[in-house]
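Peer 1: any chance you can model this:
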Amino acid sequence: MSIDHRDSSTTSAAEQLALVAARAADDMQGTDIVVLDVADIVGVCEMFVICTARNTRLVAAIADEIEVHVAIEYDRRPVAVEGLAERRWVLLDYGDVVVHVFVQEEREFYRLERLYRDADSVEWREVAAPAT
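Peer 2: Below you'll find the model as predicted:
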């Protein structure tokens with residue numbers, strides 16, 4: 001897996017949505033956040049966002065925060081949400097982007113990064129402007 005530092009002017013709509021989701025997860029104390037370009041591997045979507053929450057309550061809070069940020073930025077709602085009742089692995093399906101919010105034990109068990117290890121990892125953190 002390589003890290004892709006793309007120019008923000010050339011990012012796709014799916015990638016932009018994935019970056020908003022990753023940053024929203026980070027705002028809510030999500031950890032180990034990864035954005036993967038899975039378009040050439042999966043075929044049904046372009047991007048995965050994967051993150052971990054410390055507990056089940058935080059899983060739900062992160063998923064909710066992602067939904068709010070994506071709705072505000074892109075006026076989009078997920079076409080499907082899975083796992084919200086159990087809050088151990090919540091999946092937000094936006095069609096072109098799928099967001100996975102895990103508690104640690106579930107993430108370690110399913111190891112999606114290993115399953116999709118051939119996917120490029122996309123840098124999601126905003127690069128700070130140089131001080132002048």
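Peer 1: and the residue positioned nearest the centre of the chain, bridged to which residues?
Peer 2: The residue lying closest to the centre of the chain (C-alpha atoms, centre = their mean) is residue 49, at 2.1 Å. Residue 49 has these beta-bridge partners by DSSP bridges: residue 35, residue 99.
Peer 1: that one touches residue 34, doesn't it?
Peer 2: Yes: judged on C-beta atoms under 8 Å, residue 49 makes contact with residue 34 at a distance of 7.4 Å. Bear in mind the C-beta positions are built from the backbone N, C-alpha and C, glycine included.
Peer 1: circling back: distance of the residue nearest to the centre of the chain from residue 107?
Peer 2: 13 Å (C-beta to C-beta, to the nearest Å).
Peer 1: strands of this structure, residue ranges please.
Peer 2: 3-4, 31-37, 47-53, 80-82, 89-93, 97-103, 120-122 (DSSP state E).
Peer 1: next, format those as JSON lines and append distance to residue 66 and mean pLDDT.
Peer 2: Output for the strands of the chain, formatted as JSON lines (distance: least, C-beta to C-beta, whole Å; pLDDT from 0 to 100):
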{"stretch": "strand 3-4", "distance to residue 66": "21", "mean pLDDT": "49"}
{"stretch": "strand 31-37", "distance to residue 66": "11", "mean pLDDT": "98"}
{"stretch": "strand 47-53", "distance to residue 66": "8", "mean pLDDT": "98"}
{"stretch": "strand 80-82", "distance to residue 66": "10", "mean pLDDT": "98"}
{"stretch": "strand 89-93", "distance to residue 66": "6", "mean pLDDT": "98"}
{"stretch": "strand 97-103", "distance to residue 66": "6", "mean pLDDT": "98"}
{"stretch": "strand 120-122", "distance to residue 66": "16", "mean pLDDT": "96"}
